[in-house]
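Visitor: just the structure for this:
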Amino acid sequence: MLWIIYLLVLNIIKAEISEEQEGLYTAKDNVKILNGNNFYITVYQNQENVWLVEFYNQWCGHCIKFAPVWQQLAKDIKDWNKVVRVGAVNCAEDMNRALCRDYSIQGYPTVKIFPPGTQQNDLGTVMDISSQDQEYDVRRKLVKYLTNSILQQPSWPILTPIRSVDEIWNDANINSKKYIVLLAEYEGSFMGREVILDFASYPELWIRRILDNDASKIGITQFPSLVLMNKDGTYNTIGKGVERREDLDRVLFQLIDEPFNPQNSDTNSLPLEAGNGDSRIDEQAELQPVSEISDSDHMQDLESALHYSFRQEIAMHKTIEADSLQALKNFVMVLSKYFPGRDVVKHYLWRMNMWIHDVKSSLTGEEWMDKTVSEQSKDAFLPELVSWTGCHGSRAQYRGYPCGMWMLFHTLTVSAYVSGRQSPNFNPKEVLLAVKGYMTHFFGCDECSKNFGRMAATIDMEVTLPKDSVLWLWRAHNKANKRLHGDESEDPSHPKIQFPSSYSCPDCCTTADNGIDLQWDEDEVLKFLVRFYSNNIIHDEKILEYQEAQDPKNKNTKTELDWWERKQRRKDLEKIQQLHLKKREKRMMKQFDVEHNILGNRFQKSDLEQIGYEEKSRGARFGWGFNSIDLGMCVLFYVMCTVIILLAYYHFMIRRNMKPCSILPF
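Guide: Sure, this is the predicted structure:
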């Protein structure tokens, strides 16, 4: 029993550790890892602090760029935990899908503020975060919120400034404080409020702000300054002319005789550069080598992108209606027409298209998710295996889903071009407009969606011929690669270069006279793209061959069964269980027959013997099955108890010289 308990505890600890290590953050980042299991009990429990929560997606490039900012913020304000705490939810995890849907998270990253006393039906307040925000920008927005919050708690420090010295001595808590400090600063400065929050957990300190106009009335003329107030009304300047929050903290730590740990960077005067701070990535760690197999279009990547799109991004929406519903209809229709996958996947997409075509007004994310499951059958299903092959990154946050979606979009444009270019009714904008609608309404990365939308504004003007759709998306992809080259979201093992490279297609491009820009032969590029995204798609069999070649020990094994295979396996297990139950019933019936025969032989006695036995039993037993010996013992026990009680009563009465009860016969 003890061994079982030990194993259970060990599994729980392992689960907690694994949860703390998922996504872009770890426990060492001072960021609380929140998920569908611990979110409500953590954020909504009865406590006095604000929760600042980032909802992100680990593959989102903007989220990857924002991660160092969030890490630095959590490190910089860790002493504010009496007032505010920092958390993060990875919406890319299946277990968090419902949570992110309930909180209407449709773009990443989304930062929400949950004040004290938040109820479970309160979705929090969205903090306005821009793509250019650095750590000090987010920190200042947080300070503004805390200053103006109407839900300030008694345990919070007061961030509003005083107008005169008299307000100090009118404070009811002033007598319990060892040190009374005024921080004089210019109006509009954030430094004073940040320092007050830095020392929110030090009860011996009383710190308030006073602005320059009011401070000058008591003789303070240099800002910022720290003034130690004496209870006799005099004061001493203990820090003046310092321009950094870190210096003010050092002076106050010296005052209370505490060691100073300079955790706060000089973020007021030196804005945090993107990518600085404690990153989750160990710069000394070797990057995993990536095989040349990534230079191809893989059906496994296309199916994985479809799976994540259907069962994560679309399913995460609370309500799909109006323009978003029409965008979804267009996207599913294009998939059903042009996805060049296995027959079971194409049949499944066609079923989904027929169903959603009849949806008139709106549907919920839950209804969509239920339908993605109920429409599956033996000959029409979407595999559940999400595994990146050509889009595999050197780390979990690199490439993956965004790469898979680019591959899917290119494959759809090429498939449409190949199948419809000879038709007079072919619409070259059909796929691109469907892609634009999906990127606008469903793609999670806000920055990516906006950038694609800006590029897509030219589709009507630039796309007229059948080939234009393929070439427009190729140009758009290269623009994105150029913009993101050197970005924090770029995989170091897969630099974002202009595609195709001279190695992949020597006839596609030449270097311009300046030696930098590329000159493209778009006819050759079109031929290459058609070959790459149609004729050269690597299907599952080739993927398995490659995996077996890389790891011979795993030959003839699959990392995960398809949906239908797992369903069939469940049915097989049910049949085995039914057979087991039938065998068990047969054994029980056989045993019952044997016992019945034995009992039958016993009852074949003579009538006289049976009657004599019954009379003897009736003579020996009566009542509720007690015989004469049982009743005799009960009577004897009753008499003995009565005598003992009477003797005890008489004994105590004699010792205390008390008159016995008149009803007793003594």
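
Visitor: hey, where'd the helices end up in the stretch 101-250 of the chain?
Guide: 135-148, 166-169, 191-198, 212-215, 245-255 (DSSP state H, counting those that start in this stretch).

Visitor: of these, which is nearest W520?
Guide: helix 135-148 (39.6 Å; C-beta to C-beta). (Glycine included, C-beta is placed from N, CA and C.)

Visitor: and the closest one with helix 191-198, angle?
Guide: With axes from the mean of the first three to the mean of the last three C-alpha atoms, to 10 degrees defining the directions, helix 135-148 sits at 80 degrees from helix 191-198.

Visitor: what does helix 135-148 contact?
Guide: 50, 52, 69-70, 72-73, 76-77, 83-84, 111, 113, 127-130, 152, 156, 159-160, 190, 193-194, 197, 267-268, 271-272, 277 (C-beta atoms under 8 Å, 6 or more residues apart in numbering).

Visitor: among the helices of the stretch 101-250 of the chain, which is the most enclosed?
Guide: Highest mean neighbour count of those: helix 191-198, a mean of 23 (counted as mean count of other C-beta atoms under 10 Å).

Visitor: what distance separates that one from the middle of the whole chain?
Guide: Relative to its chain's centre, helix 191-198 lies at 31 Å (C-alpha atoms, centre = their mean, to the nearest Å).

Visitor: and that helix with helix 245-255, angle?
Guide: Going by the same axes, to 10 degrees, helix 191-198 makes 50 degrees with helix 245-255.

Visitor: check contacts around S362.
Guide: S362 neighbours (C-beta under 8 Å, 6+ apart): T319, I320, E321, A322, L325.

Visitor: quick one: which of the residues you listed is nearest I356?
Guide: Looking across those and measuring by C-beta to C-beta, the closest to I356 is L325, at 8.3 Å.

Visitor: any idea how far the closest one is from H494?
Guide: Look at L325 and H494: by C-beta to C-beta, to the nearest Å, they are 36 Å apart.

Visitor: again with K436
Guide: K436 is 26 Å from H494, by C-beta to C-beta.

Visitor: phi first, then psi, for R311.
Guide: phi -100, psi 0 (degrees, to the nearest 10).

Visitor: domains in this structure, as residue ranges please.
Guide: With domains defined by automatic domain parsing, the chain comprises 14-148, 166-255, 295-551, 578-622, 624-666.

Visitor: if we can go back for a sec, same drill for K436 and H494, tell me which one is more crowded.
Guide: K436 (21 against 16; other C-beta atoms under 10 Å).

Visitor: now the more buried one: closest residue in space, sequence neighbours ignored.
Guide: A456 (4.4 Å; C-beta to C-beta, 6 or more residues apart in numbering).

Visitor: quick one, phi/psi of the one you found?
Guide: Dihedral angles for A456 - degrees, to the nearest 10 - are phi -70, psi -10.

Visitor: same check, this time on V332
Guide: According to degrees, to the nearest 10, V332 has phi -70, psi -40.

Visitor: which secondary structure element contains the residue lying closest to it once chain neighbours are set aside?
Guide: Of all residues beyond its chain neighbours, the one nearest V332 is N353 (4.9 Å), with distances taken as C-beta to C-beta, 6+ apart. Assigned by DSSP states H and E, N353 belongs to helix 343-357.

Visitor: toward the C-terminus, what is the element adjacent to that helix?
Guide: strand 362-364.

Visitor: how far out from the middle of the chain is that next one?
Guide: Counting by C-alpha atoms, centre = their mean, strand 362-364 comes out at 24 Å from the chain centroid.

Visitor: going along the chain from it, find the next helix or strand for me.
Guide: helix 365-374.

Visitor: by contact count, what packs against that following helix?
Guide: strand 319-321, helix 343-357 (3 or more C-beta pairs under 8 Å, 6 or more residues apart in numbering; DSSP states H and E).

Visitor: out of the ones you listed, the one nearest I220 is which?
Guide: Per C-beta to C-beta, nearest to I220 of the helices and strands packed on helix 365-374: strand 319-321, 56.6 Å.

Visitor: list the helices and strands that closest one packs on?
Guide: Using 3+ C-beta pairs under 8 Å, 6+ apart, strand 319-321 is in contact with strand 362-364, helix 365-374.

Visitor: now the angle between helix 343-357 and the longest one, please.
Guide: Read that as helix 365-374. Going by the same axes, to 10 degrees, helix 365-374 makes 140 degrees with helix 343-357.

Visitor: what is the mean pLDDT for helix 365-374?
Guide: What helix 365-374 shows for mean pLDDT is 90.

Visitor: quick one: buried residues of it?
Guide: Using 16 or more other C-beta atoms under 10 Å as the test for burial, helix 365-374 gives G365, W368, M369, K371, T372.

Visitor: who are the contact partners of the fourth one?
Guide: Each residue near K371 by C-beta under 8 Å, 6+ apart is listed here: M352, W355.

Visitor: distance of it relative to V386?
Guide: Taking C-beta to C-beta, one finds K371 at 19 Å from V386.

Visitor: tell me, how many residues neighbour the spatially closest residue to S324 that is not a sequence neighbour?
Guide: Excluding the flanking residues, the one nearest S324 by C-beta to C-beta, 6+ apart is H441, at 4.1 Å. Residues lying near H441 (other C-beta under 10 Å) number 21.
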